[in-house]
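*Asks:* sequence plus predicted model, see below.
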Amino acid sequence: MQVPFTEKEAKELRAGDYVYLTGTIYTARDAAHARMQQALDEGKPLPIDMTDNVIYYMGPSPAREGRPIGSAGPTTASRMDKYAPRLLDLGLRGMIGKGKRSAEVLDAIKRDKAVYFAAVGGAGALLSKSILSSEVVAYEDLGTEAIRKLEIKDFPVIVVADTEGNNLYETAIAEYRFD
């Protein structure tokens, strides 16, 4: 699937789908989200346009020689839950992380026709092989928490929450429950 992507394309995805993303995404973690929130509160523009873009909750390790980035595994997404609904309302189309999201985020995903993807935690070295380039585009002083623009090819993710309000973490529990 090409990223960024549109609302129409988001509506085609279903919780449980395996997807390989190719194109441009951005990274941002706690500190970058706090800065973006502050900018919005002060009426300032964000350093990146949220419209149809995807944010990967990740702070990479230093790049090894000959590589654009070090290990690039997902961060626990719930740490960004207090910021996510506002960014979704601004047009953010997708988020990549690991773990469950709050009811407020799940409601915003459905309302704004977005998608939450999970990347496999603990597989950062493997995931980094799908990253072709990495460039700091904002908040360089935050180090690993700076916002980066990543060019990716065949980056593996799973749709967890879709535009219809389906949540893989809930449906999988029900499907595999032993009663």
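*Replies:* The structure has been received and is ready for your questions.
*Asks:* so which helix or strand takes in Met36?
*Replies:* Per DSSP states H and E: Met36 is located in helix 30-41.
*Asks:* got the buried residues for that helix?
*Replies:* Asp30, Ala31, Ala32, His33, Ala34, Arg35, Met36 (16 or more other C-beta atoms under 10 Å). Using the backbone N, CA and C atoms, a C-beta is placed for each residue, glycine as well.
*Asks:* need the residues you listed in CSV (columns: pLDDT).
*Replies:* Formatted as CSV, the buried residues of helix 30-41 follow (pLDDT from 0 to 100):
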residue, pLDDT
Asp30, 94
Ala31, 96
Ala32, 97
His33, 97
Ala34, 97
Arg35, 98
Met36, 98
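*Asks:* flag the shaky bits of this protein, pLDDT-wise.
*Replies:* Counting by pLDDT under 70, the chain contains low-confidence residues at 174-179.
*Asks:* where do the helices sit along it?
*Replies:* With DSSP state H as the criterion, the chain has helices at 7-11, 30-41, 84-89, 103-111, 124-128, 168-175.
*Asks:* which other helices and strands does the lengthiest strand in the chain contact?
*Replies:* Assignment by DSSP state E gives strand 147-161 as the longest strand of the chain. In terms of contacts (3 or more C-beta pairs under 8 Å, 6 or more residues apart in numbering; DSSP states H and E), strand 147-161 is packed against strand 18-27, helix 103-111, strand 115-118, strand 131-138, helix 168-175.
*Asks:* strands paired with the first one, and their directions?
*Replies:* Strand partners for strand 18-27, identified by DSSP bridges, are recorded as strand 2-3 (parallel), strand 54-56 (parallel), strand 147-161 (antiparallel).
*Asks:* coming back round to it: helices and strands around the helix holding Met36, which ones?
*Replies:* Counting by 3+ C-beta pairs under 8 Å, 6+ apart, helix 30-41 packs on helix 84-89.
*Asks:* buried ones in the helix it packs on?
*Replies:* Neighbour-count burial for helix 84-89, counted by 16+ other C-beta under 10 Å, picks out Ala84, Pro85, Arg86, Leu87, Leu88.
*Asks:* residues contacting the last one?
*Replies:* Read it as Leu88. Leu88 is in contact with Val105, Ala108, Ile109, Arg111, Asp112, Ala114, counting by C-beta atoms under 8 Å, 6 or more residues apart in numbering.
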